[in-house]
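1. Curious how this folds, go ahead:
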Amino acid sequence: MKLPKADGRPPRKDNKRIGLHRRANLENEDVHDPEAAGYTACAMETLRFLSAQGLPPDHPMVKAITERLLRDRD
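-> Numbering: from 1, shown residues only. Next up is the predicted model:
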């Protein structure tokens, strides 16, 4: 905690640093969206399961699921 200046005014906050921090949080908001992360994790787990069951990446079902779940997201 900073002490007040000798003239009685409180110390000035570093507004530039605070602004940059807020802007960084807004820019990273999409990256840290829990709903999107959960959706992507579920889609990837589905594709891993199909691969473990022996379906190759070029199988029509795997291609359709990949297209539907991962590429057409808004």
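2. biggest helix in the protein, by residue count?
-> Ranked by residue count, the top helix of the chain under DSSP state H comes out as helix 34-52.
3. going on from it, what's the next piece of helix or strand?
-> Next helix or strand after helix 34-52 toward the C-terminus (DSSP states H and E): helix 60-66.
4. Now the longest helix of the chain: buried residues?
-> 43, 47, 50 (16 or more other C-beta atoms under 10 Å). C-betas here are computed from N, CA, C, even on glycine.
5. Make CSV from the residues you listed and add pLDDT and distance to Pro56 to it.
-> CSV is the format used below for the buried residues of helix 34-52 (pLDDT from 0 to 100; distance: C-beta to C-beta, whole Å):
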residue, pLDDT, distance to Pro56
Ala43, 90, 18
Leu47, 92, 12
Leu50, 94, 9
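6. Closest one to Arg68 out of these, please.
-> Of all these, Ala43 has the smallest distance to Arg68: 8.9 Å, by C-beta to C-beta.
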